[in-house]
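Colleague: below: sequence and its predicted model.
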Amino acid sequence: MTTDKPYCPPKPYSLWAVPALFRTLWRGEGNLLELLPAAAYKFKVGNLGISRRSTVLFNDPELVSHILRDPDEIFPKSDLMVSAVEPLIGQSIFVTDGEKWRKQRAMVDPAFSMMRISHAFNQMQAAVHDHEIELERRAQTGEEFSLDQAMGQLTADIICRAVFSTSLDSNIAHDVFEDFNIFERHVAQTDIMHMITAPAWSNPPQKPEVLDACARIRQHLGTLVDTHLDPNSNYNDIASEVVAARDKETNQPFTRDELIDQLGVFFLAGHETTASVLTWVFYILAAQPNLVKQLRNEIDNVVGTGEVEFAHIKRLPLVRAVFRETLRLYPPITFIPRVALRNAKVGPRKLRRGALVMIAPWTLHRHKLYWKDPHIFRPERFLSELADQIPGAYIPFGQGNHTCVGAGFAQAESALIISKLIRRFDFVMTNTEPVRPAARLTTRPVKQITYKVKYHR
């Protein structure tokens, strides 16, 4: 495989802990990535600055696995994360733990079978086809557009078809993108001073604009849910399975609000995380013309000029390697925060009750102990069974009981989107200022990246 010269895509310039804190506060963007000190890419266990409740980052794959498996149930999801997303997805499986999570998971398990790729691939193809028509229009007019928004609308349409058996109106997709943008930028989880000064379980109040954005998103989801509550409806999709679910002990279904919570997880997690990584995929490919040529050669050799089918995906190793390497450098879930329910010891480290236990796919995936040239984009890492990675050092979909159930769905969806779009269009970035990554709820550029598209053929 031949590529362009070694390419290091955007990353924060690492500083010592105190200067990093002042930089983040001065910029006022709530960007948790820029809080990471230079040492965070080198140590196995260490403090993240100084705070009232103690914040400890774990970069040891074995200890990370123990925390995420949590056999003693003492490291539930962080109170900061729970309070941040609760206005959006309530007490859903994304935020619950323990017995409550197990009950909810048992109820929604049948719906996970509807996430099987062979069942959903035709819906993916239809949504990508519609997106190609929109890109054709933009290629003809020379219209600039936000890559972030385009990927968000496409993946939202795909997951809407899979969950609710309907395409997503483009105006609603635009509204959901804008409201989720407001949510990510202003949610209290990114309030740096609160993280430093507040005690554990202090439940920071959310800003009115955040609550309003959440209410609008939930209203859109409620409209979709209502189509499946009609007793005369005859759907065979994820939503219908969740509507039909019953608690094994009480035989009670989810209430309407609970349905919005649970289906909101499928909808929002199912599109926002994939949109995040695809934004970075097309950004990187725009800067790697030789790699684009290789991708097009692979797609032409495997697919020809016809439709990209499910059977083709496994025969596109370079396409899948580009996606996996982008996931390494820009994991959508940048941080996986947990909280210590009681005093505990993990490996050599003692933790006091209320400590914020941080696992960061971002630092694990860029750690100098586990990766050669950790900040360099090298998709060939994933072209061999002997990929230069340490077990447990690559966790873009999490680990343990809470591993993302949509991982296979996301990988097939992304391979399809990359293959379909890159063989037909050249993406030309029109931004003039440097692109900086930000960690909010997902890994996104600080400012949206604007592009034009041109026909390749």
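Modeller: Good, I have the coordinates.

Colleague: so in terms of bridging, what pairs with residue 450?
Modeller: residue 146 (DSSP bridges).

Colleague: secondary structure class of residue 331, three-state.
Modeller: With DSSP: H, G, I helix; E, B strand; the rest coil as the basis, residue 331 sits in coil.

Colleague: name the element the most far-flung residue of the chain relative to its centre belongs to?
Modeller: In the chain, the greatest distance from the average C-alpha position (CA atoms, centre = their mean) is reached by residue 232, at 35.5 Å. Applying DSSP states H and E as the criterion places residue 232 outside every helix and strand.

Colleague: and it, how close does it get to residue 426?
Modeller: Residue 232 is 48 Å from residue 426, where distance means CB to CB, to the nearest Å. Where you see a C-beta, it was placed from the backbone N, CA and C, and this is true even at glycine.

Colleague: please apply the same query to residue 333.
Modeller: Residue 333 is 30 Å from residue 426, by CB to CB.

Colleague: show me which of those two is the more surrounded one.
Modeller: Between residue 333 and residue 426, counting by other CB atoms under 10 Å, residue 333 is the more crowded of the two (21 against 16).

Colleague: and that one, what are its phi and psi?
Modeller: Dihedral pair for residue 333: phi -90, psi 100, per degrees, to the nearest 10.

Colleague: and it, what pLDDT?
Modeller: Here the pLDDT value assigned to residue 333 is 92.

Colleague: nearest spatial neighbour of the residue nearest in space to the middle of the chain, chain-adjacent residues omitted?
Modeller: Nearest to the mean C-alpha position of the chain, counting by CA atoms, centre = their mean, stands residue 273 at 2.4 Å. Closest residue in space to residue 273, ignoring its immediate chain neighbours: residue 332 at 3.8 Å, by CB to CB, 6 or more residues apart in numbering.

Colleague: what's the spacing between that neighbour and residue 410?
Modeller: Noted for residue 332: a distance of 9 Å to residue 410, by CB to CB.

Colleague: give the intersection of the neighbour lists for the two.
Modeller: 273, 274 (CB atoms under 8 Å, 6 or more residues apart in numbering).

Colleague: count residues in the vicinity of residue 448, would you?
Modeller: A count of nearby residues for residue 448, using other CB under 10 Å, gives 18.

Colleague: tell me who's in contact with it.
Modeller: Residue 448 neighbours (CB under 8 Å, 6+ apart): 146, 147, 148, 149.

Colleague: ditto for residue 13
Modeller: So residue 13 contacts nothing (CB under 8 Å, 6+ apart).

Colleague: what's the pLDDT at it?
Modeller: 76.

Colleague: check which helix or strand covers it.
Modeller: Following DSSP H and E, one finds residue 13 outside all helices and strands.

Colleague: from residue 345, how far off is it?
Modeller: Using CB to CB, residue 13 is found at 35 Å from residue 345.

Colleague: again with residue 286
Modeller: Distance from residue 286 to residue 345, counting by CB to CB: 47 Å.

Colleague: repeat that for residue 110.
Modeller: On the measure of CB to CB, residue 110 and residue 345 end up 39 Å apart.

Colleague: got the residue ranges for the strands in the stretch 51-200 of the chain?
Modeller: 55-58, 145-146 (DSSP state E, counting those that start in this stretch).

Colleague: any chance you could list what contacts the shortest one?
Modeller: When contacts are defined by CB under 8 Å, 6+ apart, strand 145-146 is touched by residues 138, 448, 449, 450, 451, 452.

Colleague: so how far is residue 381 from the second one?
Modeller: Residue 448 is 29 Å from residue 381, where distance means CB to CB.

Colleague: repeat for residue 251
Modeller: 50 Å.

Colleague: more crowded one of those two?
Modeller: Legend: neighbour count by other CB under 10 Å for residue 251 and residue 381, higher for residue 381 (20 against 7).

Colleague: now for residue 107: which residues touch it?
Modeller: Applying CB under 8 Å, 6+ apart to residue 107 gives the contacts 242, 245, 246, 247, 254.

Colleague: same question, residue 280
Modeller: Residue 280 touches 9, 326, 329, 330, 443, counting by CB under 8 Å, 6+ apart.

Colleague: so which of these is the most crowded?
Modeller: Neighbour counts for the contacts of residue 280 (other CB under 10 Å) peak at residue 330, which has 29 neighbours.

Colleague: residues touching that residue, list them.
Modeller: Going by CB under 8 Å, 6+ apart, residue 330 touches 9, 276, 277, 280, 437, 443.

Colleague: kindly reformat these as JSON lines containing secondary structure and pLDDT.
Modeller: Formatted as JSON lines, these follow (DSSP: H, G, I helix; E, B strand; the rest coil; pLDDT from 0 to 100):
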{"residue": "9", "secondary structure": "coil", "pLDDT": "96"}
{"residue": "276", "secondary structure": "helix", "pLDDT": "95"}
{"residue": "277", "secondary structure": "helix", "pLDDT": "97"}
{"residue": "280", "secondary structure": "helix", "pLDDT": "97"}
{"residue": "437", "secondary structure": "strand", "pLDDT": "93"}
{"residue": "443", "secondary structure": "strand", "pLDDT": "93"}
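
Colleague: need the nearest residue in space to residue 315, chain neighbours excluded.
Modeller: Here the nearest residue to residue 315 in space, its sequence neighbours aside, is residue 302; by CB to CB, 6+ apart that works out to 4.8 Å.

Colleague: I misspoke; the intended subject was residue 78.
Modeller: Of all residues not flanking residue 78 in the chain, residue 337 sits nearest, at 3.5 Å (CB to CB, 6+ apart).

Colleague: check which helix or strand covers the one you found.
Modeller: Secondary structure assignment for residue 337, by DSSP H and E: strand 336-339.

Colleague: what ranges of the chain fall below the confidence cut-off?
Modeller: 1-4, 15-30, 50-51, 114-116, 188-197, 385-389, 457 (pLDDT under 70).

Colleague: returning to that earlier point: closest one of the contacts of strand 145-146 to residue 43?
Modeller: residue 449 (32.4 Å; CB to CB).

Colleague: what's the distance between the closest one and residue 433?
Modeller: Applying CB to CB to residue 449 and residue 433 gives a distance of 10 Å.

Colleague: these two: who's more crowded?
Modeller: Of the pair residue 449 and residue 433, residue 449 is the one with more neighbours under other CB under 10 Å, namely 23 against 7.

Colleague: who's in contact with the more buried one?
Modeller: Residue 449 sits next to 146, 147, 148, 279, 283, 429, 431, 435 when contact means CB under 8 Å, 6+ apart.

Colleague: can you pull out the strands in the stretch 301-450 of the chain?
Modeller: Per DSSP E, counting those that start in this stretch, the stretch 301-450 of the chain carries strands over the ranges 336-339, 344-346, 349-351, 356-359, 425-429, 437-439, 443-445, 450-455.

Colleague: now render these as CSV, adding distance to residue 66.
Modeller: Shown next, in CSV, are the strands of the stretch 301-450 of the chain (distance: least, CB to CB, whole Å):
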stretch, distance to residue 66
strand 336-339, 11
strand 344-346, 7
strand 349-351, 11
strand 356-359, 11
strand 425-429, 42
strand 437-439, 24
strand 443-445, 25
strand 450-455, 43
